[in-house]
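# got a predicted structure here, sequence first:
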Amino acid sequence: MTTEPRLRIAMQKSGRLSEDTQKLLKRCGLKLNVSDRRLLAHVSNMPIDIMRVRSSDIPGLVMDGVCDLGIVGDNTLEEAALERQLMEQSHSYVKTTGLNFGGCRLSIAMPEEFNYQGIKSLDGLRFATTYPQLLNRFARNNGINVEFCLLKGSVEVAPRVGLSDGICDLVSTGATLEANGLKEVEVIFKSTASLIQNPAVLEPSKQKILDTLLPRIQGVMKAKESKYIMLHAPKDKLAQVSALMPGKETPTVLPLAGREDLVAVHVVATETFFWETMEELKSLGCDSILVMPIEKMMG
């Protein structure tokens, strides 16, 4: 009896990306059987296994070929690639697609009383960080020298207790910095989540699974960024109405039963549809303007 090959995907076990990753996979139609006590989750309706691990382990699992794919933040991915390159370990991967969640930035922050006069102000200082390789690259690229102390948590308290002059850490809203008397002075890396793949050629059966999964992921991402717009427009103002529609898609124009003066206009918008645009459409005589989210897209 032969076992069917199963595509293996690494994802964060718990944390800010875990929930978004599970939502993504479920929206792609995967039926997950996830348990907090189990590190390996099986997809019941496709030959896919999900390995739930620490974020920092995901790049290595993909680069070493233990997992075929991984969903990880670009900050963690880039830090791991730089570290493995320094240690002359395998550090190759393919970024299959960017994902529109997990957004954050890696920033340098200093005590509020620090007189920041530009990047050169940071020369010779010591920073607490979880991302020494990204910090060192930033320093090299900007012609300054810095020291670091490696911390895996509570980075924000390091300047207050004398461990460092400043910090280099992930920032989302900045509220944690403010609460600890720090100010953001330089953004050194912007990050979102990405789907990455081991560069080795997949065996045909696994490639077939990926060829099914990848368009679904891309369709969910595209749908999340898009809106479906419907409205009734005066036939004689159709050119002006079409010019106001966001995005590059050509609107679909349909007749309305019993109306010679109005048509129905439908369009998928991949750009923001502002209230001001709706008001301009209204001033042209449009009505029944609906802007709706899209759950899935393909093609």
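That came through, no problem.
# can you tell me the closest non-neighbouring residue to residue 253?
Leaving aside its chain neighbours, residue 253 sits nearest to residue 263 (5.2 Å; criterion: CB to CB, 6 or more residues apart in numbering). From N, CA and C alone the C-beta is placed, and that goes for glycine too.
# so what's that neighbour bridging to?
For residue 263, the beta-bridge partners are residue 233, residue 255 (DSSP bridges).
# in the chain, where is pLDDT below threshold?
The chain contains residues with pLDDT under 70 at 1-2, 248, 299.
# how close does the residue nearest to residue 253 get to residue 194?
Residue 263 is 42 Å from residue 194, where distance means CB to CB, to the nearest Å.
# the chain: helices as residue ranges?
In the chain, the segments counted as helices under DSSP state H are 16-27, 58-63, 74-86, 132-141, 175-179, 204-224, 238-244, 275-283.
# what's in contact with the fourth one?
When contacts are defined by CB atoms under 8 Å, 6 or more residues apart in numbering, helix 132-141 is touched by residues 75, 78-79, 82-83, 86, 106, 108, 122, 127, 129, 145-146, 148, 150, 168, 186, 188-189.
# buried set for that helix?
Across helix 132-141, burial judged by 16 or more other CB atoms under 10 Å covers 132-139.
# re the thing from before, in this structure the residue nearest to residue 253 contacts residue 256, no?
Yes: between residue 263 and residue 256 there is a contact at 6.2 Å, judged by CB atoms under 8 Å.
# comparing these two, which shows the higher neighbour count?
residue 263 (20 against 14; other CB atoms under 10 Å).
# tell me the contacts of that one?
232-233, 235, 238, 253-256.
# and for residue 76?
Taking CB under 8 Å, 6+ apart, we find residue 76 in contact with 55-56, 58-59.
# how much space is there between residue 114 and residue 185?
8 Å.
# identify the contacts common to the two.
Counting by CB under 8 Å, 6+ apart, the residues touching both residue 114 and residue 185 are 121, 166.
# picking that back up, to residue 94, which of the helices of the chain lies closest?
For those, proximity to residue 94 was assessed by CB to CB; helix 58-63 is nearest, at 9.2 Å.
# any idea which of the buried residues of helix 132-141 is closest to residue 71?
Taking CB to CB as the measure, residue 71 sits nearest to residue 134 out of the buried residues of helix 132-141, at 19.8 Å.
# first to last residue in stretch 44-51, what's the distance?
Stretch 44-51 has its terminal residues 14 Å apart, counting by CA to CA, to the nearest Å.
# could I get the buried residue list for that stretch?
For stretch 44-51, burial by neighbour count (16+ other CB under 10 Å) applies to 46, 48-51.
# same deal with stretch 7-23?
7-13, 16-18, 20-22.
# kindly report the same for stretch 179-187.
180, 182-186.
# try stretch 101-121
Here stretch 101-121 shows 101-102, 104-110, 114, 119 as buried, counting by 16+ other CB under 10 Å.
# how close does the nearest residue to residue 101 once chain neighbours are set aside get to residue 220?
Spatial nearest neighbour of residue 101, excluding adjacent residues (CB to CB, 6+ apart): residue 20 at 4.2 Å. In this view, residue 20 and residue 220 are 11 Å apart by CB to CB.
# next: residue 126.
Relative to residue 220, residue 126 is positioned 43 Å away (CB to CB).
# more neighbours, these two?
Neighbours per residue, other CB under 10 Å: of residue 126 and residue 220, the larger number sits with residue 220, 24 against 14.
# appreciated, that's everything.
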